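Predicted structure and sequence below. I'll ask about it afterward.
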Amino acid sequence: MMKFALILVLSLLGFSSMGQLYMAQNGEVSFFSKTPLEDIDATNKQVSSIINTENNEVAVQMRATQFIFPNKLMQEHFNENYLESEKYPSATFKGKIKEVVDLKVPGTYSITAIGSATIHGVTKPIEIKGTIISSGQSLTFNGQFDIKLADYKVDIPKIVFAKIAESVQVKSKIVYQIR
């Protein structure tokens, strides 16, 4: 699995000239949906990502089936009915940090990653705002953004529409190490 993620991430970025690479294998992405009837939250702690400091390119990859829900029935419905995880096993982000920052220099940086996200087989442009804390040897990214389910053709049956929000809040915390 790790080999697959590394190969995917490296191929997504198409590294022709290698800058300083920071990699993460156990990043965390969670989402939260609030409705009057039911809150839905899940966390994936097996997110792979890479940042190339030479060109500020970023790639993130996660498997849909690795989201863990407090309720196993919700997890089953998420994978079978909504994300169709057998057909669309992964979600990805490929983009670039907009700001000119030298992540090799220790400090805290507010950043915006602009690129495209692929979820449920649909690719859309996206902008992710967050903070990167650099120690020089490692990076910690914290970000938050919203995803509209309809943008990624995730169908919500009318019978459960009141239980699932049209938009979900996504949070991420990814710790990178130099490779």
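Everything's here; your move.

Enumerate every residue touching Ser116.
By C-beta atoms under 8 Å, 6 or more residues apart in numbering, the contact set of Ser116 is 93-95, 123-126. Where you see a C-beta, it was placed from the backbone N, CA and C, and this is true even at glycine.

again, only this time at 6 Å
Applying C-beta atoms under 6 Å, 6 or more residues apart in numbering to Ser116 gives the contacts 94, 123, 125.

quick one: which helix or strand includes it?
Applying DSSP states H and E as the criterion places Ser116 in strand 107-119.

quick one on the thing from earlier: which one among the contacts of Ser116 gets closest to Leu73?
Nearest to Leu73 among the contacts of Ser116, counting by C-beta to C-beta, is Thr123 at 29.8 Å.

Which one (most neighbours) among the contacts of Ser116?
Ranked by neighbour count (other C-beta atoms under 10 Å), the contacts of Ser116 have Lys94 at the top, with 19 neighbours.

Gly115 is in contact with that one, correct?
Yes - at 5.2 Å, Lys94 and Gly115 qualify as touching, with contact defined as C-beta atoms under 6 Å.
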